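>>> turn this into a model:
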Amino acid sequence: MKKILLLIFLLLTNGCTQPLSEPPPERTTLPKNDFLIIAHRGASAYAAEHTLASYEMAIQMGADYIEIDLQMTKDGKLVAMHDRVVTFDNAQQAVTDVTFDEIQLHSPEKAFERNYLDYTLPHYDDLRIVDLEEILLYFGDTVNYYIEIKSPKKYPGIEKELLKQLREHNLLDRTDIIPKVIIQSFDSQSLKDIFALEPSIPLIKLYTFEKEAHIPTEHLNELTQFASGVGVNSIAVSKEFIDLMHSKNLIVHPYTVNDAQTMRFLIDLGVNGFFTDRPDVANWVRSETNRLENR
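Modelled structure (predicted):
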């Protein structure tokens, strides 16, 4: 009888014993004291957006990051474009329905109105749409990338292709002072997919609010499981919102800020950086703020 009881005990204890599972990955947090200038589609106030000239100008103007919007073409190329459609001979086609070679027939400088600030653009008449691969080959690890995954539900597999290219160019698993790559999206699931595949990348959840920014507690608690911060339209930002985000170890990057007065106002509120079409103005305002603080 004792042997039978012992056998039952051993069976029960062995059946209940489960192998120890690995703890879930922790999100990457960004330091709040690093104020970042993010060049919105490059220096897009002065050059056609998402062109190499626009990105290069942004870096020369002191931007910490160049922002790249990504769509995916019919042949699987990650193309730097904000819009989901492209116009050929007054007819629109979805990016996902055309190849990259076809999309290069679209000339971005034709749609660009030159800013009254007359910067000299290299090869202005030769501006063209580029894909992520060319951008990464051109700049390598000499710049920092703030990448937005646009409309991910329309482009199955875009997250894996993005991570593949970033790995091939040795832009992940680094120990730089500020992250070499930040990824943002309005789509929570896309960010969660990135987090599951590569949790070391800081992730930014984008929002647009019609009134003052507010994230319900339930959503905020979920956000803190994978995101490093939020991107919010600048007119919706408040001091209370920023303080709440900071209390959750989330940084705040408003978009898109182009005048010096608004830049100063947001810096005073405590934002951690912002997107701008005019990185030269942002750099000047940041330097001005630093001088005043160091008096």
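>>> which parts of the stretch 1-150 of the chain are helices?
2-16, 52-60, 100-103, 132-139 (DSSP state H, counting those that start in this stretch).
>>> what's the least confident stretch among those?
Mean pLDDT values for the helices of the stretch 1-150 of the chain show the minimum at helix 2-16, a mean of 53.
>>> which positions in stretch 200-219 come out as buried?
I201, P202, L203, I204, K205, L206, A213, I215 (16 or more other CB atoms under 10 Å). Where C-beta positions appear, they are placed from N, C-alpha and C, glycine not excepted.
>>> OK, contacts around the third one?
By CB atoms under 8 Å, 6 or more residues apart in numbering, the contact list for L203 reads R27, T28, I182, I183, Q184, S185, L191, I194, F195, F226, A227, S228.
>>> and for the last one?
By CB under 8 Å, 6+ apart, the residues touching I215 are Y207, L223, V230.
>>> with A227 instead?
R27, L191, L203, I204, K205, L250.
>>> just those residues now: which is nearest F275?
F275 has its nearest neighbour among the contacts of A227 in I204, at 10.5 Å by CB to CB.
>>> so L266 versus L78, what's the distance?
31 Å (CB to CB, to the nearest Å).
>>> neighbour count for those two, which is higher?
Counted by other CB atoms under 10 Å, L266 and L78 do not tie: L78 has more neighbours, with 24 against 21.
>>> D141: which of the buried residues of stretch 200-219 is nearest?
Out of these, the member with the shortest distance to D141 (by CB to CB) is I201, at 14.9 Å.
>>> measure the closest one to I251 for me?
Distance from I201 to I251, by CB to CB: 14 Å.
>>> one more: L171?
L171 is 20 Å from I251, by CB to CB.
>>> let me see the contact set for S54.
A39, R41, G42, A43, S44, Y46, A47, A48.
>>> sort out for me which of the buried residues of stretch 200-219 are in strands.
L203, I204, K205, L206 (DSSP state E).
>>> show the pLDDT at the last one.
Spelled out, that is L206. 98.
>>> please shift the residue numbers so they start at 3 in all later answers.
With the count now opening at 3, the last piece we talked about shows up as L208.
>>> pretty sure it sits against I185.
No: using CB atoms under 8 Å, L208 is not in contact with I185; the gap is 10.8 Å.
>>> returning to that earlier point: would you reformat the contacts of I217 as TSV and include distance to K152?
As requested, those are exported to TSV (distance: CB to CB, whole Å):
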residue	distance to K152
Y209	15
L225	20
V232	17
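>>> list just the nearest of those to A96.
Looking across the contacts of I217 and measuring by CB to CB, the closest to A96 is Y209, at 25.2 Å.
>>> leaving out chain neighbours, which residue sits closest to the closest one?
V234 (5.2 Å; CB to CB, 6 or more residues apart in numbering).
>>> so who does the one you found touch?
Residues near V234 by CB under 8 Å, 6+ apart: L208, Y209, T210, F211, A215, F243, V254, H255, P256, Y257.
>>> roughly how far apart are it and D270?
Using CB to CB, one gets 16 Å for the distance from V234 to D270.
>>> point out where this protein drops to low pLDDT.
3-25, 109-128 (pLDDT under 70).
>>> report the longest strand in it, please.
Using DSSP E to define each element, the chain has its longest strand at strand 67-74.
>>> what sits up against that strand?
Strand 67-74 has contacts (CB under 8 Å, 6+ apart) with 38-44, 52, 57, 60-61, 80-86, 97-98, 134, 137, 141, 145-153, 156-157, 159-160, 163-164, 184, 277.
>>> got a quick PyMOL command for the buried subset of the residues you listed?
Selection of buried members from those for PyMOL, criterion 16+ other CB under 10 Å:
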select buried, resi 38+39+40+41+42+43+44+52+57+60+61+80+81+82+83+84+97+134+137+141+145+146+147+148+149+150+151+152+153+157+160+163+164+184+277
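>>> just the contacts of S56: which are in strands?
A41.
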